[in-house]
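Visitor: Build me a structure from this.
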Amino acid sequence: MTKDPELLIGLSDGELEALADGVLSPAVQKRLDELLARNAEGQLSATEQAELEHLLDRVDHLTTVKTRARYRLQQKTAASRT
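Guide: Numbers count the residues shown, from 1 in each chain. Next comes the predicted model:
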């Protein structure tokens, strides 16, 4: 197996599970929901638009980490069966 840090090699199952289950904090999720609703109504200022883009980038990053963690868990499970 390669030593690609993006594959989250070296983490315990518990650490991988914690990453796979990660979510935005309630306060950040609430703010994201507010900005998305106001954006749908065309009511965001330039500053709020930038904030929304930043939060969406965070969501994308979180999704990527969660996917990598799930993938690594699946790899470890498959390897332990062989």
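Visitor: Helices of the chain, start to end?
Guide: Using DSSP state H, the helices of the chain run over residues 13-20, 26-40, 46-81.
Visitor: And for the shortest one, what's in contact with it?
Guide: Read it as helix 13-20. L8, L11, V65, K66, R68, A69, R70, R72, L73, K76 (C-beta atoms under 8 Å, 6 or more residues apart in numbering). To be clear about C-beta, it is placed using only N, CA and C from the backbone, and glycine gets the same treatment.
Visitor: In that helix, which residues are buried?
Guide: Neighbour counts over helix 13-20 (16 or more other C-beta atoms under 10 Å) mark L16, L19, A20 as buried.
Visitor: For the first one, give its distance to V23.
Guide: Plainly put, L16 is 16 Å away from V23 if you go by C-beta to C-beta, to the nearest Å.
Visitor: got it, and E15?
Guide: 16 Å.
Visitor: ok, Q49 touching G42?
Guide: No. Counting by C-beta atoms under 8 Å, Q49 does not reach G42; the two are 10.6 Å apart.
Visitor: Same drill for the two, tell me which one is more crowded.
Guide: Q49 (13 against 6; other C-beta atoms under 10 Å).
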